[in-house]
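Participant: Got a sequence here, can you build the structure:
(one chain, ligands or ions: 2)
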Amino acid sequence: MSYILALDQGTTSSRAIVFDAKGRIKKIAQKEFRQIFPQPGWVEHEARDIWSTQVGVAQEAITGAGLRASDIAAIGITNQRETTVIWDRATGQPIHNAIVWQDRRTAGICDALRAAGHEAVFQHKTGLLLDAYFSGTKIRWLLDNVDGARAKAERGELAFGTIDSWLVWNLTGGELHITDASNAGRTLLYNLHTGDWDDELLGLLDIPRSLLPEVRSNSEVYGTTAEGLFGARIPIAGMAGDQQAATFGQVCHTRGMAKNTYGTGCFMLMNTGGEIVPSANKLLTTLAWQRDTTTYALEGSVFVAGALVQWLRDGLGIIRSSGEIEALAATVPDTDGVCLVPAFVGLGAPHWDAYARGTLIGLTRGTTKGHIARAALEAIAFQSADVLEAMQRDGGDLKELRVDGGASANNLMMQFQADILGVSVVRPTVTETTALGAAYLAGLAVGYWADTEELRALWQVDRVFEPAMSDDERAGRLATWRKAVERSKGWADV
Ligand SMILES: Nc1ncnc2c1ncn2[C@@H]1O[C@H](COP(=O)(O)OP(=O)(O)O)[C@@H](O)[C@H]1O
Ligand SMILES: O=P(O)(O)OC[C@H](O)CO
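Facilitator: Ligands and ions are numbered 1, 2, ... in the order given. The predicted structure follows:
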């Protein structure tokens, strides 16, 4: 019997999961790695840590499942998106720490491009907005701030990659410098209409084309792992950004279907089929996946979701593990007027305010940690409600929302999510859908699964949360939330 190995390189941990032909998890190995916060609003990772934890858990998953490399039919890769690495092609060494998607240091570069009137061309060509979130301005910052980097880049000595690219480079022993279309679509450099890197945008950001990887589809055999890495060469056959992979893993394969993933951040994607749908409500238009044809999506990106729960654990110390938040929130019937806006790294969709900061408001002498815990869970759901409203205004007509990711295990939060959306929230049995999507993309490429119809038959419901809140109460709660959001905006001076 053979299996598919998914490598899921997330913001806070590297995971490797072995899946069987029924899409069931045979083995998971996971390792957290260091988060580096050099200044307020800056977030970095050591790219070598990313590689060493990822290859370590891959080996652990294979052996822990009692398998050998020859039992793995293919590897699928999925990754935290936008996070930017530049390395030396000759030595394979990064020239600086990776700049993480949450990092705000390039907000000023975005402001300058906007002031010069360039936002429309970026938005039209890439489907994105000018925000520090995306890779383009991070590359620009590295070229401008790392000694000698620009000259080396001009000479073709450096390589840029998002994490997919960095992992494939290392998995193949430096043989392949490639990315996939879904990750390319998050750089501000990739033109959705031509399906290629765009020279005008490269010029506006002053980035030499020689830095960039070759763009490949999301499901094809790109190459094999280097000799000696796992004991046998394994085909690498699928690759996608984690949110696109989760959409594929939730089998949201047809137009109008949507999923929301509750991890470090929270990302809602709605499949728009073969059509590039521009958003009039500050959502992103994003490439979902490319197989024989290309599928697109509308996306609402929320920067802080599960990370807020981690902050209650590590920053405030009011819970010892993320899972404890549900019981603490259940000690109170409501938040007693407390609102928490987790704008720790600014606000993403639909506000796009790089200068917003976290706000805890409505405190009284009677406020307890239970109220704060409950306000935190509600905040995650409220942020998704703002995104869903923008999606509905863009023409989306959702009957149900499929959910996944680590924090979707929280029943209290999922019920509140259904209440505040007024839409059914459906959780599948496998909530590791990001890894599952990457496995599916790889498995399809090597004929492990025949087609997407076969995959759709594997998807199973765990639990459906039906909305139970009155329309009046929902409107009142949303109005209070939006008042708090306004208070958080434009706070930071940087
Ligand atoms: N029961 C829970 N309630 C709320 N949040 C949770 C719960 N369990 C885990 N989390 C949060 O979910 C996140 C982990 O989800 P995961 O999908 O692994 O994230 P990522 O892929 O971004 O690293 C963490 O931020 C954690 O705080
Ligand atoms: O690490 P996650 O799962 O929250 O995902 C990060 C996103 O890909 C950022 O765009």
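
Participant: Pull up the pairing partners for the one helix or strand Arg427 maps to, direction included.
Facilitator: When secondary structure is defined by DSSP states H and E, Arg427 falls within strand 424-428. Paired strands of strand 424-428, with direction, are strand 400-404 (parallel), strand 461-465 (antiparallel) (DSSP bridges).

Participant: Am I right that Cys252 sits in a strand?
Facilitator: No - counting by DSSP: H, G, I helix; E, B strand; the rest coil, Cys252 is not found in a strand; it is coil.

Participant: so what's it up against?
Facilitator: Ala258, Lys259, Leu269, Met270, Asn271, Arg402 (Cβ atoms under 8 Å, 6 or more residues apart in numbering). Yep, even glycine has a C-beta here, placed from its N, CA and C like the rest.

Participant: Just the residues you listed: which are in strands?
Facilitator: Among the contacts of Cys252, the ones falling in strands (DSSP state E) are Ala258, Lys259, Leu269, Met270, Asn271, Arg402.

Participant: Check what pLDDT the first one gets.
Facilitator: Among the per-residue scores, Ala258 holds a pLDDT of 94.

Participant: and it, what does it touch?
Facilitator: Ala258 touches Cys252, Met268, Leu269, Met270, Asn271, Met391, Gly396, Leu398, Leu401, Arg402, counting by Cβ under 8 Å, 6+ apart.

Participant: what's the nearest residue to the closest residue to ligand 1 within the stretch 51-200 of the chain if we skip its chain neighbours?
Facilitator: The minimum distance from the stretch 51-200 of the chain to ligand 1, using Cβ to the nearest ligand atom, falls at Gln80 (7.0 Å). Distances taken as Cβ to Cβ, 6 or more residues apart in numbering put Thr11 closest to Gln80, at 4.6 Å, once the chain neighbours are dropped.

Participant: Isn't that neighbour up against Gln102?
Facilitator: Yes - between Thr11 and Gln102 there is a contact under Cβ atoms under 8 Å: 7.5 Å.

Participant: any common contacting residues for those two?
Facilitator: Counting by Cβ under 8 Å, 6+ apart, the residues touching both Thr11 and Gln102 are Gly265.

Participant: Of those two, which one has the most company?
Facilitator: More crowded of Thr11 and Gln102, by other Cβ atoms under 10 Å: Gln102, with 26 against 22.

Participant: sec struct for the more buried one, please.
Facilitator: Strictly by three-state DSSP, Gln102 counts as coil.

Participant: Surely it is in contact with Thr12?
Facilitator: No - checked against Cβ under 8 Å, the pair Gln102 and Thr12 is beyond contact range at 10.8 Å.

Participant: hmm, back to that, please identify the most buried of the strands paired with strand 424-428.
Facilitator: Compared across these, strand 400-404 shows the largest average neighbour count, a mean of 24 (mean count of other Cβ atoms under 10 Å).

Participant: And the contacts of that strand?
Facilitator: Outside strand 400-404, the residues touching it (Cβ under 8 Å, 6+ apart) are 246, 249-250, 252, 257-262, 268, 388, 414, 417, 421, 423-428, 431-434, 464.

Participant: Quick one: the strands in the stretch 301-450 of the chain, in order.
Facilitator: Along the stretch 301-450 of the chain, counting by DSSP state E, counting those that start in this stretch, strands occupy 339-341, 359-361, 400-404, 424-428.

Participant: What parts of the stretch 251-400 of the chain come near ligand 1?
Facilitator: By Cβ under 6 Å from any ligand atom, the residues of the stretch 251-400 of the chain that approach ligand 1 are Gly263, Thr264, Gly306, Ala307, Val309, Gln310, Ser322, Gly323, Ile325, Glu326.

Participant: tally of neighbours for the fifth one?
Facilitator: It refers to Val309. Applying other Cβ under 10 Å, I find that Val309 has 28 neighbouring residues.

Participant: what's the single longest helix in this protein?
Facilitator: Taking DSSP state H as the criterion, the chain has its longest helix at helix 369-393.

Participant: residues of that one that come out buried?
Facilitator: Within helix 369-393, the residues that count as buried by 16 or more other Cβ atoms under 10 Å are 369-391.

Participant: What's the mean pLDDT across the strand holding Arg427?
Facilitator: The model assigns strand 424-428 a mean pLDDT of 96.

Participant: Stretch 166-173 too?
Facilitator: 98.

Participant: What are the buried residues along it?
Facilitator: Trp166, Leu167, Val168, Trp169, Asn170, Leu171, Thr172.

Participant: which two from these end up farthest apart in space?
Facilitator: Trp166 and Thr172 (11.4 Å; Cβ to Cβ).

Participant: Tell me the helices and strands packed up against the longest helix of the chain.
Facilitator: Counting contacts by 3 or more Cβ pairs under 8 Å, 6 or more residues apart in numbering; DSSP states H and E, helix 369-393 packs against strand 258-262, strand 266-271, strand 294-302, helix 306-314, helix 325-329, strand 339-341, helix 411-421, helix 471-488.

Participant: Take these and write them to TSV, including distance to ligand 2.
Facilitator: Listed next are the helices and strands packed on helix 369-393 as TSV, based on distance: least, Cβ to the nearest ligand atom, whole Å:
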stretch	distance to ligand 2
strand 258-262	6
strand 266-271	6
strand 294-302	6
helix 306-314	7
helix 325-329	17
strand 339-341	19
helix 411-421	16
helix 471-488	20
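
Participant: follow-up on the earlier one: give me the subset of the buried residues of stretch 166-173 lying in strands.
Facilitator: Among the buried residues of stretch 166-173, no member lies in strands (by DSSP E).

Participant: In helices only, show me these.
Facilitator: Trp166, Leu167, Val168, Trp169, Asn170, Leu171.

Participant: for Glu227, what are its contacts?
Facilitator: With Cβ under 8 Å, 6+ apart, Glu227 has these contacts: Gly173, Arg233.

Participant: Likewise for the one 10 residues further on?
Facilitator: By Cβ under 8 Å, 6+ apart, the contact list for Ala237 reads Ala74, Ile75, Gly76, Ser219, Glu220, Val221, Tyr222, Leu441, Ala442, Gly443, Ala445, Val446.

Participant: Leaving out sequence neighbours, find the closest residue to the last one.
Facilitator: The one in question is Val446. Ala74 (4.5 Å).

Participant: Kindly indicate whether that neighbour is helix, strand or coil.
Facilitator: strand.

Participant: before we move on, what about Ile4?
Facilitator: strand.

Participant: what residues are up against the residue lying closest to it once chain neighbours are set aside?
Facilitator: Residue nearest to Ile4 in three dimensions, not counting chain neighbours: Ala439, with 4.3 Å by Cβ to Cβ, 6+ apart. Listed by Cβ under 8 Å, 6+ apart, the contact set of Ala439 reads Ile4, Leu5, Ala6, Ile17, Phe19, Gly23, Gly76, Gly238, Gly249.

Participant: gap between Ala439 and ligand 2?
Facilitator: From Ala439 across to ligand 2, the span is 16 Å (Cβ to the nearest ligand atom, to the nearest Å).

Participant: What pLDDT does the model give that residue?
Facilitator: Ala439 is given a pLDDT of 98.

Participant: Check Gly231 too.
Facilitator: The score at Gly231 is 88. That number is its pLDDT.
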